[in-house]
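Q: dropping the sequence and predicted coords here.
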Amino acid sequence: MSYAPEPISATTMKTLTICHVLGAILFIAGAGSAQPAAKPRARDLGVPFDGTPGQFNAITDVKGVEVGHTTLISGSGKLKVGTGPVRTGVTAVLPRGKASLDPVFGGWFSLNGNGEMTGTTWLEESGVLDGPVMITNTHSVGVVRDAVIAWRIKQAPPDAEGYSWSLPIVAETADDDLNDMNGFHVKPEHAFQALDSAHGGAAEEGNVGGGTGMICNEFKGGIGTSSRLLPAKLGGYTVGVLVQCNYGRRSQLRIAGVPVGKEIPDHTVREEDIGSIIIVVATDAPLIPTQLKRLARRAALGLARDGSFAGDGSGDIFIAFSTANPHAATGKGVREVKMLPNEQMNPIFLATVQATEEAIVNAMVAAETMKGKNDLEVIALPHDRLREALKKYNRLAQPE
């Protein structure tokens, strides 16, 4: 069975061309490694964070995890539904990479449920995450879900009796302030591209993938990531977090304890906290599903450190998985499973909180000012003013 897409429209082709050109630039900048061009991250600006990050300070520091994006940007000016402007995309997180469809143990948590994450009923029941975690805009959840099923069938064809079954995890946040969300610009081929382009190493952040048109604390938001390494005496485990952040009022924003939102009060764009955030937590610690649900809950504390109060209009939905225990959820017969005792989980809880806090700030630091639907302009978090605010409160981690 093939997942060949429908013929691509001229508008889609133009958008994909932009994506491919940007991808080529990144590929060249990475000297053939397909890594993104260097951008300052929150730590580079002197934002003080606790804990020790991994090599890439990204969810991909968890061995085997890969991340891919499709970024769709086209058009400008007044909204014409079905035409644009388009500011959207798809992000894929593959727990064991493209090379392995071996399921992982997982758990999820909804802090505030004004949002969607498909596949969570079975995840709750089984404790098993079978496939990638996909993130897109609110009105593209269905097409991405169906595309993942087609991609899975291509990767692992049905058995001799024709049996094939999948309940994909697809999450969303709404980008309709900047994007023609009712134009349904995300197509199956965009989900395929995000999956097929997924890679380890340094991860793209900001205006990319599902985060392309997102707004965070009334600054430009999007995709952000971070990681923490536990010392050898605590197991040497890695915790990685990836966020798609689209939540929050400016007045509530705090960075490293500093009321940055109140220090930079101009160019606000929202009247209420009507956005959302999706948080993906990965670890190589040997945790079982009930423990991973506990871990997913801790992401809420990292979110709170940045000032969120999980408003009524916000969809704050989190998922956690462990890459330990390979093949535990497949095959026949009794499987042996390793697990960390609950009383040894505190360092992993703390690492999750720290990495979540930093991933959100990294998303805003990486994002760039964007003008979208009806010429609405959402400014990027100004790096110089962020440093000034940190310095004012004696929180700048390095001298200017």
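A: Looks like it came in fine. Remember, predicted model here, so these are calculated numbers, not experimental data.
Q: separation between the residue nearest in space to the middle of the chain and Thr369?
A: For the chain, the residue nearest the mean C-alpha position is Val243 (3.6 Å; CA atoms, centre = their mean). Counting by CB to CB, to the nearest Å, the separation of Val243 from Thr369 is 20 Å. In this view, the C-beta of every residue, glycine as well, is placed from N, C-alpha and C.
Q: ditto for Glu204
A: Using CB to CB, one gets 18 Å for the distance from Glu204 to Thr369.
Q: ok, the two, which is more surrounded?
A: Neighbours were counted for Glu204 and for Thr369 using other CB atoms under 10 Å; Glu204 has more, 26 against 14.
Q: touching, the more buried one and Thr225? I think so.
A: No - using CB atoms under 8 Å as the test, Glu204 is too far from Thr225 to be in contact (9.0 Å).
Q: show me where this structure has helices.
A: 10-29, 120-126, 141-155, 188-196, 260-263, 289-305, 346-366, 383-392 (DSSP state H).
Q: looking at those helices, which is nearest to Asp375?
A: Among the helices of the chain, helix 10-29 comes nearest to Asp375, with 19.1 Å by CB to CB.
Q: least confident of the helices of the chain, on average?
A: Within those, confidence is poorest for helix 10-29, with a mean of 41 (mean pLDDT).
Q: nearest approach to Lys373 belongs to which of the helices of the chain?
A: With CB to CB as the measure, helix 10-29 is the member of the helices of the chain nearest Lys373 (15.2 Å).
Q: re earlier: go through the helices of the chain and pick out the most buried.
A: Per residue and on average, the most neighbours among the helices of the chain fall to helix 346-366, with a mean of 26 (mean count of other CB atoms under 10 Å).
Q: Gly307: neighbour count?
A: Neighbour tally, Gly307, other CB under 10 Å: 20.
Q: residues touching it, list them.
A: Asn217, Gly248, Gln252, Leu253, Arg254, Gly261 (CB atoms under 8 Å, 6 or more residues apart in numbering).
Q: residues near the third one, how many?
A: Yep, that's Gln252 we're talking about. Gln252 has 18 neighbouring residues, counting by other CB under 10 Å.
Q: now it: how far from Gly131?
A: With distances taken as CB to CB, Gln252 is found 35 Å from Gly131.
Q: what of the last one?
A: The span separating Gly261 from Gly131 equals 37 Å under the rule CB to CB.
Q: same thing with Ile274?
A: According to CB to CB, Ile274 and Gly131 sit 30 Å apart.
Q: between these two, who's got more neighbours?
A: Gly131 (22 against 19).
Q: the more buried one and Ile169 touch, don't they?
A: Yes - under the criterion of CB under 8 Å, Gly131 makes contact with Ile169 at 6.8 Å.
Q: returning to that earlier point: widest-spaced pair of the contacts of Gly307?
A: Farthest pair in the contacts of Gly307, by CB to CB: Gly248 and Arg254, 10.3 Å.
Q: okay, and the common contacts of those two?
A: Common contacts of Gly248 and Arg254 (CB under 8 Å, 6+ apart): Asp306, Gly307.
Q: show me which of the two is the more surrounded one.
A: The neighbour count for Gly248 versus Arg254, taken as other CB under 10 Å, is higher for Gly248 (31 against 18).
Q: got a list of what the more buried one touches?
A: Here Gly248 is in contact with Cys216, Asn217, Glu218, Asp273, Gly275, Asp306, Gly307, Ser308 (CB under 8 Å, 6+ apart).
Q: if we use 10 Å, what do you get?
A: By CB atoms under 10 Å, 6 or more residues apart in numbering, the contact set of Gly248 is 215-219, 221, 261, 270, 273-277, 303, 306-311, 314, 360, 364.
Q: and it, how far from Ser166?
A: Plainly put, Gly248 is 34 Å away from Ser166 if you go by CB to CB.
Q: kindly report the same for Asn342.
A: Distance, Asn342 to Ser166, using CB to CB: 32 Å.
Q: between the two, who's got more neighbours?
A: Between Asn342 and Ser166, counting by other CB under 10 Å, Ser166 is the more crowded of the two (16 against 11).
Q: verify the stated contact: that one with Gly119.
A: Yes - between Ser166 and Gly119 there is a contact under CB atoms under 10 Å: 8.7 Å.
Q: overlap in contacts, those two.
A: Here Ser166 and Gly119 have Asp130, Gly131, Arg145, Val148 as joint contacts, going by CB under 10 Å, 6+ apart.
Q: now the strands: where do they sit in the stretch 201-350 of the chain?
A: Taking DSSP state E, counting those that start in this stretch as the test, the strands found in the stretch 201-350 of the chain are 215-216, 219-220, 222-229, 238-246, 276-283, 315-322.
Q: gap between the fifth one and the chain center?
A: Between the mean C-alpha point of strand 276-283 and the mean C-alpha point of its chain there is a distance of 6 Å (CA atoms, centre = their mean, to the nearest Å).
Q: next: the first one.
A: In terms of CA atoms, centre = their mean, the gap separating the centre of strand 215-216 from the centre of its chain is 13 Å.
Q: before we move on, what about the third one?
A: Using CA atoms, centre = their mean, the distance from the centre of strand 222-229 to the centre of the chain it belongs to is 9 Å.
Q: alpha carbons of it, as CSV, please.
A: Provided in CSV are the C-alpha atoms of strand 222-229 (Å, rounded to 0.1, in the frame of the first residue of the first chain):
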residue,chain,number,x,y,z
GLY,A,222,6.6,28.2,18.6
ILE,A,223,8.8,25.2,19.2
GLY,A,224,11.4,25.0,22.0
THR,A,225,13.4,22.2,23.6
SER,A,226,15.8,21.5,26.4
SER,A,227,17.3,18.6,28.4
ARG,A,228,18.9,17.7,31.7
LEU,A,229,21.5,15.1,32.6
